[in-house]
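Peer 1: let me see the structure of the following:
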Amino acid sequence: MASIFDTIRNAAGDRDLSINWYKKKVADLSNKISAARLMRGGKTRKAPQYNKLYFFRYDPKLKQFLKYYDTFPLVMPIQSAPGGFLGINFHYLPVPLRMRLLETLDRRGFKGDYSKLKNIREVKPCIKHYLRRQFVSGFLELEEDDYAPAIFMPVAQFRKASASQVWRDSRRMI
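Peer 2: Predicted coordinates for the structure are as follows:
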């Protein structure tokens with residue numbers, strides 16, 4: 001079975017397409033996009049590598065103390081941290097800011113740790129500490145060509161607050 005990403009990649013062919021094209025294509029497929037289908041349609045890894053983008057299922061250890069959290073994050077791990085890693089969860093930003101952050105990281109050729117990210121405004125609300133023991137699934141590694149479509153996928157699974165509330169709070173932090 002072809003994954004959602006295969007469907008989008010095949011539609012794009014070898015062309016370098018605009019962000020609006022990806023946004024429309026993901027919107028056209030939105031009834032077929034779900035966290036479960038994404039995980040079933042791709043190959044997962046046991047552990048992530050730094051500076052790549054992943055979907056995975058997560059159950060926060062201290063969720064009772066969190067204002068809200070995402071159980072299906074879209075994360076770029078950036079450095080190790082006690083018991084796991086620090087990562088950028090793109091779901092904490094509304095789509096236009098996700099794209100801006102992804103383009104900024106790409107333009108700067110980001111490879112490194114949090115200290116090199118501190119001056120990027122959009123990063124602040126997205127940095128999260130993920131603990132190894134709280135991973136509920138493997139890591140669905142995305143190919144670089146799939147980063148843009150993934151940014152638009154409506155698969156965030158926030159608990160205790162709506163996505164719009166999370167995004168409002170994130171905008172205030174920026």
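Peer 1: put the alpha carbons of stretch 126-135 into CSV.
Peer 2: Provided in CSV are the C-alpha atoms of stretch 126-135 (Å, rounded to 0.1, in the frame of the first residue of the first chain):
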residue,chain,number,x,y,z
CYS,A,126,8.6,24.2,20.1
ILE,A,127,11.5,22.9,22.1
LYS,A,128,10.4,19.8,24.1
HIS,A,129,12.2,17.2,26.2
TYR,A,130,11.2,13.7,25.1
LEU,A,131,12.0,10.8,27.4
ARG,A,132,12.9,7.4,26.0
ARG,A,133,10.6,5.5,28.3
GLN,A,134,7.6,7.4,27.1
PHE,A,135,7.8,6.5,23.4
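Peer 1: ok, which stretches of this protein are helices?
Peer 2: 4-12, 19-28, 35-41, 95-107, 147-152, 163-173 (DSSP state H).
Peer 1: shaky segments in the chain?
Peer 2: Along the chain, the parts satisfying pLDDT under 70 run over 1-33, 112.
Peer 1: burial check on F152, number of neighbours?
Peer 2: F152: 21 surrounding residues under other CB atoms under 10 Å. In this view, the C-beta of every residue, glycine as well, is placed from N, C-alpha and C.
Peer 1: just checking, it touches H91?
Peer 2: No. Using CB atoms under 8 Å as the test, F152 is too far from H91 to be in contact (11.6 Å).
Peer 1: what sits against the residue most central in space within the chain?
Peer 2: For the chain, L74 is the residue whose C-alpha lies nearest the centre (CA atoms, centre = their mean; 1.9 Å). Shown in contact with L74 (CB atoms under 8 Å, 6 or more residues apart in numbering): L53, Y54, F55, N89, F90, H91, A150, I151, M153, V155, A156.
Peer 1: closest to A36 out of those?
Peer 2: V155 (9.5 Å; CB to CB).
Peer 1: spatially nearest residue to that closest one (excluding sequence neighbours)?
Peer 2: The shortest distance from V155 to any non-neighbouring residue, by CB to CB, 6 or more residues apart in numbering, is to A35 (4.9 Å).
Peer 1: right, and the one you found touches F55 too?
Peer 2: Yes. With contacts counted by CB under 8 Å, A35 reaches F55, the gap being 7.3 Å.
Peer 1: the residue nearest to the centre of the chain bridge partners, please.
Peer 2: When bridges are called by DSSP bridges, L74 pairs up with F55.
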